[in-house]
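S.K.: pasting the sequence and the predicted coordinates here, then a few questions.
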Amino acid sequence: MQEVDLAALEVALAAGAPVIDVREADEYARGHVPGVRLIPLGELVARIDEVPAAPTVYVICAMGGRSAHGASLLGAAGINAVNVAGGTDAWIGSGRSVESGA
C-alpha cells in the first residue's frame, strides 16, 4: 500500500483530489482537513459507491492506522487509494487549517 505525507496531501487537495476521512462522525466533527468527505471505516465497504472515481483517492484518519486499513479495503475493490501518514492529528499539529462540524 502506498503512503503519502502531509505535503503531498496538500498538493493533492489543491488539485481537487478526493480525500476520504474514515474516522467516526464525532471525531470528524471535532476537526477535519477542509474539503474531506466522511465515510467511517466501519461503513466503507457498504458505502464504496460513494467513493469518487478518480485516479487516486487519499484516505485519512487520526494517525494513520485506520486509514491504512481503509486504503487496503479500497485497493481490494480496485480503487487506487493511498494512506495519509500522520493523519489528521499531524495535520492539526502542523498548524494547517481545520474545519469543524458535520
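M.R.: On my side now, so go ahead.
S.K.: show me where this structure has its strands.
M.R.: 2-4, 19-21, 37-38, 57-60, 81-84 (DSSP state E).
S.K.: identify whichever of these lies nearest to A90.
M.R.: strand 81-84 (8.5 Å; C-beta to C-beta). Yep, even glycine has a C-beta here, placed from its N, CA and C like the rest.
S.K.: which secondary structure elements does the closest one contact?
M.R.: Using 3 or more C-beta pairs under 8 Å, 6 or more residues apart in numbering; DSSP states H and E, the elements in contact with strand 81-84 are strand 2-4, strand 57-60, helix 65-76.
S.K.: what do you get if the cut-off is 10 Å, keeping everything else the same?
M.R.: strand 2-4, helix 6-14, strand 19-21, strand 57-60, helix 65-76 (3 or more C-beta pairs under 10 Å, 6 or more residues apart in numbering; DSSP states H and E).
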